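[1] Structure, please.
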Amino acid sequence: MNQSPDLQPSADQPVPRRALLQGGLGLGTVAFQWLLARDGRAVAEGSATTQGNALALPHHVPKAKRVVHLFMSGGPSHVDMFDPKPLLNAEEGKPIPKSIAGEFKFAMIRDAAPIVKGSPFTFTKHGQAGGDFSDLVPHTAKIADEITVIRSMVTDTVVHDAACWMMNSGSIRAGMPTFGAWLSWGLGNEADDLPAFVVLTSHAGGQAQPLVESYWGSGFLPSQHQGVKLRSEGDPILFVSNPGGVSSTVRRRQLDALARLNEERFAQAHDPEIAARIAAYELAYRMQTSVPGLMDISSEPKHVHEAYGTTGNKASFANNCLLARRLLERGVRFVQVYEMGWDQHGDLVNMIRKQCDATDRASAALVADLRDRGLLDDTLVIWSGEFGRTPVAEAKGEKWGRDHHPYGFTAWVAGGGFAKGRVVGQTDEYGWHAIEKPVHVHDLHATALHLLGIDHQRFTRRFQGRDFRLTDVAGRVVPDLMA
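    Reported below is the predicted structural model:
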């Protein structure tokens with residue numbers, strides 16, 4: 001079993017009694033667990049519901065086995081894309097009623113009575129459920145019958161980093177294991193030559209909050225489960241390529257020698273991070289062959305490039321969505337595609353158009369492509385930001401924007417047992433509060449885990465004296481989100 005990071009002995013100290021009691025510390029066991037994880041028969045240790053006994057996963061028959069999360073970093077405006085509010089246009093220029101806003105402390109707005117701001121975009125209904133989509137997202141509107149739009153998302157904070165950590169790890173604190181890391185640890189990987197958790201990033205322009213490594217970190221889980229960021233330019237992964245003058249044969253001999261040294265150290269310290277390091281070196285060696293071919297999307301047919309709106313050799317969200325499909329079909333467990341630039345405090349009209357032009361076509365194309373290849377049935381697709389944006393204006397004049405908004409915003413989901421052609425939840429007439437069927441981030445995570453065959457309350461890891469899970473001490477499976 002994996003050893004908690006706080007139980008790592010040093011070279012000149014005896015192995016702690018608690019470390020010895022954990023058992024199963026040989027490299028043969030480590031290798032065996034890796035093989036189990038690869039084949040989808042991982043064991044999750046330390047579950048509170050089993051008094052520490054090994055718990056086989058999945059807990060029940062899964063509908064899905066992989067996830068792709070399209071992350072709109074910065075917070076897309078729900079009232080301009082998916083949640084029309086005619087009252088905002090009717091009352092534009094008036095102060096937001098205190099009965100709606102209460103004593104809410106904005107992230108940036110400092111006006112005592114911020115003014116209501118309507119949407120300049122046109123909404124039309126699409127799909128059997130009659131979902132509303134603005135003219136910013138015409139391609140997503142075309143897949144209305146494949147997706148479920150959640151208009152009642154709720155999170156806990158107005159701060160970008162904390163909200164990103166919440167959406168990724170179920171906690172507003174940095175350093176907790178992220179969704180992809182939990183799945184890598186619990187379900188393992190289907191690919192021998194690629195990581196279980198891969199991250200792709202792009203930026204079409206606009207105000208961009210920085211992406212920090214903790215958004216895809218492994219926290220207290222073994223480090224081989226953290227996300228691996230693939231770059232769109234230069235070497236896809238830094239330092240994976242052999243330096244000049246070092247052949248593959250020479251590299252193989254170096255890794256074999258390094259593995260022997262690490263095995264000797266592991267036998268002394270029983271530190272699972274050493275085993276993780278061995279696995280990382282071996283995976284990096286295999287990726288030298290697999291990644292270059294994976295990243296070369298030029299082999300895709302012309303109609304595929306046209307569907308996604310790819311941009312040749314220029315890094316883009318569209319290219320990354322196509323890469324995400326290629327990763328998923330090669331067995332990667334969790335792919336996260338970030339598009340930066342949604343933090344539209346000013347010049348929202350121009351900036352949100354730019355972001356939607358960069359993301360709408362490719363998001364819809366990915367869903368359709370997965371469907372046409374028979375992958376959507378067992379792939380969860382999640383489209384979200386970390387929060388929404390306020391129904392009131394920040395700044396005045398033509399360069400107005402919107403502030404951060406956690407009380408009611410929109411996400412959409414597809415595939416893998418999620419419902420099709422449905423609209424779930426509702427915000428009030430101003431788009432401020434989720435008033436019908438609110439879905440907290442914990443609830444979204446719990447439902448996704450359920451579709452992956454995992455009971456979120458039983459999927460735990462003991463660390464520093466307590467059990468942790470992706471949904472913290474909250475979360476519920478939402479039947480309305482499921483088929």
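[2] CA only for contacts and neighbour counts going forward, please
    Fine.
[3] ok, Gly175 to Met166 distance?
    Going from Gly175 to Met166 by CA to CA, to the nearest Å gives 11 Å.
[4] Between these two, which is the more surrounded one?
    Between Gly175 and Met166, Met166 has the larger neighbour count (other CA atoms under 10 Å), namely 25 against 17.
[5] in terms of contact, does the more buried one touch Ile172 like I think?
    Yes - using CA atoms under 8 Å, Met166 is in contact with Ile172, at 4.8 Å.
[6] Give me the common contacts of the two.
    Common contact partners of Met166 and Ile172 (CA atoms under 8 Å, 6 or more residues apart in numbering): Asp156.
[7] Checking the nearest residue to Met295 once chain neighbours are set aside next. Helix, strand or coil?
    In space, and not counting its chain neighbours, Met295 is closest to Leu323: 6.8 Å by CA to CA, 6 or more residues apart in numbering. Judged by DSSP: H, G, I helix; E, B strand; the rest coil, the three-state class of Leu323 is helix.
[8] How many neighbouring residues does Leu323 have?
    Neighbours of Leu323 (other CA under 10 Å): 22.
[9] Could I get the contacting residues of it?
    So Leu323 contacts Leu294, Met295, Ile297 (CA under 8 Å, 6+ apart).
[10] now do Val337
    Val337 neighbours (CA under 8 Å, 6+ apart): Val68, His69, Leu70, Phe71, Val199, Leu200, Thr201, Ser202, Phe317, Asn320, Cys321, Ala324.
[11] what does His450 give?
    Shown in contact with His450 (CA under 8 Å, 6+ apart): Pro62, His456, Val477.
[12] And Gly453, by the same measure?
    Leu57, Pro58, His59, His60, Val61, Pro62, Lys63, Ala64.
[13] and the gap between the residue lying closest to Ala411 once chain neighbours are set aside and Leu444?
    Leaving aside its sequence neighbours, Ala411 sits nearest to Ser384 (CA to CA, 6+ apart; 4.7 Å). Ser384 is 11 Å from Leu444, where distance means CA to CA.
[14] Equivalent analysis for Leu211, please.
    From Leu211 to Leu444 the distance is 22 Å (CA to CA).
[15] Could you do Glu394 as well?
    Distance of Glu394 to Leu444, given as CA to CA: 29 Å.
[16] what does Gly93 give?
    Distance, Gly93 to Leu444, by CA to CA: 35 Å.
[17] Tell me which of these two has more neighbours.
    Higher neighbour count among Gly93 and Leu444: Leu444, with 25 against 15, using other CA under 10 Å.
[18] part of a strand, is the more buried one?
    No - with three-state DSSP as the criterion, Leu444 is assigned helix and is not in a strand.
[19] and it, what is it in contact with?
    Gly475, Val477, Val478.
[20] repeat that for 10 Å
    Each residue near Leu444 by CA atoms under 10 Å, 6 or more residues apart in numbering is listed here: 150, 153-154, 167, 170, 382, 411, 413, 450, 471, 475-478, 481.
[21] before we move on, what about Pro177?
    Going by CA under 10 Å, 6+ apart, Pro177 touches 165, 168-171, 183, 185, 214-223, 225-226, 468-470.
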